[in-house]
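1. what follows is a predicted structure for the sequence shown.
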Protein chains: 2
Amino acid sequence: MSSKFMKLVVMSSFLVPVAVAAEGGGVQAAPNGIELPEQYKDWPVISVSHRVDNHTLRAIVGNDIAIKAARAGQTNPWPDGAVLGKLVWKETAEEHWPTAIAPKTFVHAEFMFKDSKAYQTNGTGWQWARWVGMEQKPYGKDADFSKECIRCHTPVKSRDWVFTTPAELP
Amino acid sequence: MSSKFMKLVVMSSFLVPVAVAAEGGGVQAAPNGIELPEQYKDWPVISVSHRVDNHTLRAIVGNDIAIKAARAGQTNPWPDGAVLGKLVWKETAEEHWPTAIAPKTFVHAEFMFKDSKAYQTNGTGWQWARWVGMEQKPYGKDADFSKECIRCHTPVKSRDWVFTTPAELP
């Protein structure tokens, strides 16, 4: 392979992430120091859900480590390095198929970051973060906000703190 | 651009599908000759929906061209080369949060392939295909099956035959 070709390939492989970073840059870190994962909108689907209690629709997505674990059925515990994302929208009826409930406004993107050593101090092995609205404002007044996440996830402590079951896929 | 470089780019763009075909190979083509897009499970989310009429949940995903168009708001018409996928599951109540409706069994994956020239003969500029169940059996007895798809999508002819509105994302 010619060095000219290699150079062009290397250049093009850098161009994509740089372009994305420019788009997602400038988002403030969560109060616990966690940064918004830059490419979360490109992550594959792990599952979806419709919360009929608060009228929201959700896509549950994951980074490479999470996707690999989900497809291998190795999710209790999830492996270190797994990041799960949940994209949440208010619901609306689809204009041309009213019995299809679909996303309206974007509510927030929230994430769980697994590191059984680094995040063992909060008792879960996960760190938590949420960015609210289209302006992606970090959720929480201070680092204690994650106590709220953990309290809500306590019913699924035995499932490594995760509600989502990866959806069946061929 | 040198012809040598162009040749290498063309070669490498063929290499990726070949490598992936080995992984997902063995799935039969649809009766109209359309092949299952090998990497559809890795595609990013365009939207989600919950059809309360037939009790199914859906993730709507897209290939690179579709995602770029969705994020740029250039979806009427969708560009040639765009492929939209819909992953469909039967619904169930989530065990630990019963007001969250989540996927149970996998129903099918269905796709729309845009090529305004190649697929103009059916009057839509799209080709259609569906693979049913975990065994990914092609849907339809013969190539005429897509008439059924088109009939159902006729209410959204003015939206380039697509029901889905890309979900709002930051």
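-> Yep, that arrived.
2. quick one, grab the pLDDT at the closest residue to A:Asn76 other than its chain neighbours.
-> Leaving aside its sequence neighbours, A:Asn76 sits nearest to A:Asp160 (Cβ to Cβ, 6 or more residues apart in numbering or on different chains; 5.1 Å). Where C-beta positions appear, they are placed from N, C-alpha and C, glycine not excepted. In this prediction, A:Asp160 carries a pLDDT score of 98.
3. again, but for A:Trp126
-> For A:Trp126, pLDDT reads 98.
4. so what's it up against?
-> When contacts are counted by Cβ atoms under 8 Å, 6 or more residues apart in numbering or on different chains, A:Trp126 touches A:Met112, A:Phe113, A:Lys114, A:Asp115, A:Tyr119, A:Trp161.
5. show me which of these are buried.
-> Neighbour counting with 16 or more other Cβ atoms under 10 Å in any protein chain shown marks A:Met112, A:Phe113, A:Lys114, A:Tyr119, A:Trp161 as buried within the contacts of A:Trp126.
6. now look at stretch A:38-45 and say if it contacts chain B.
-> Yes. Interface with chain B: stretch A:38-45 contributes A:Lys41, A:Asp42, A:Trp43, A:Pro44, A:Val45 (Cβ under 8 Å from any Cβ of the partner chain).
7. top of those by number of neighbours, please.
-> Top of the residues of stretch A:38-45 next to chain B by neighbour number is A:Val45, holding 26 neighbours under the definition other Cβ atoms under 10 Å in any protein chain shown.
8. distance of that one from B:Asn122?
-> Here the criterion is Cβ to Cβ, to the nearest Å. By it, A:Val45 lies 29 Å from B:Asn122.
9. the most centrally placed residue in chain A: helix or strand, and which one exactly?
-> Geometric centre of chain A, nearest residue: A:Gly85, 1.3 Å, by Cα atoms, centre = their mean. Using DSSP states H and E, A:Gly85 maps to strand A:83-94.
10. report how many residues lie close to the residue nearest to A:Asn76.
-> Neighbours of A:Asp160 (other Cβ under 10 Å): 18.
11. OK, contacts around it?
-> A:Asp160 is in contact with A:Thr75, A:Asn76, A:Pro77, A:Trp78, A:Lys114, A:Gly125, counting by Cβ under 8 Å, 6+ apart.
12. for these, which one is nearest B:Asp53?
-> Closest to B:Asp53 out of the contacts of A:Asp160 is A:Thr75 (31.5 Å), distances taken as Cβ to Cβ.
13. still on that earlier bit, in the following helix or strand past the strand holding A:Gly85, what's buried?
-> Toward the C-terminus, strand A:83-94 is succeeded by strand A:97-114 as the next helix or strand (DSSP H and E). Buried residues in strand A:97-114, counted by 16+ other Cβ under 10 Å: A:97, A:100-104, A:106-114.
14. direction included, what does strand A:97-114 pair up with?
-> Using DSSP bridges, the strands paired with strand A:97-114 in its sheet are strand A:83-94 (antiparallel), strand A:126-132 (antiparallel), strand B:45-51 (antiparallel).
15. quick one: the closest residue to A:Asp142 other than its chain neighbours from B:Asp80, how far?
-> Spatial nearest neighbour of A:Asp142, excluding adjacent residues (Cβ to Cβ, 6+ apart): A:Pro31 at 5.1 Å. A:Pro31 sits 46 Å away from B:Asp80, going by Cβ to Cβ.
16. swap in A:Met134?
-> Taken as Cβ to Cβ, the span from A:Met134 to B:Asp80 is 30 Å.
17. same question for A:Lys114.
-> Distance, A:Lys114 to B:Asp80, by Cβ to Cβ: 41 Å.
18. shaky segments in chain A?
-> Along chain A, segments meeting pLDDT under 70 span A:1-25.
19. try 50 this time
-> Along chain A, the model assigns pLDDT under 50 to residues A:1-2, A:5-24.
20. my read is A:Cys149 is in a helix, agree?
-> Yes. The assignment for A:Cys149 is a helix, going by DSSP: H, G, I helix; E, B strand; the rest coil.
21. quick check: closest non-adjacent residue to it.
-> Of all residues not flanking A:Cys149 in the chain, A:Trp128 sits nearest, at 4.0 Å (Cβ to Cβ, 6+ apart).
22. measure that neighbour to chain B for me?
-> According to Cβ to the nearest Cβ, to the nearest Å, A:Trp128 and chain B sit 17 Å apart.
23. wait, that residue sits on A:Pro138?
-> No. A:Trp128 is beyond contact range of A:Pro138, at 11.6 Å (criterion: Cβ atoms under 8 Å).
24. the two: which is more packed in?
-> A:Trp128 (25 against 18).
25. contacting residues for the more buried one?
-> Residues in contact with A:Trp128 (Cβ under 8 Å, 6+ apart) are A:Asn32, A:Ile34, A:Glu110, A:Phe111, A:Met112, A:Phe113, A:Phe145, A:Ser146, A:Cys149, A:Ile150.
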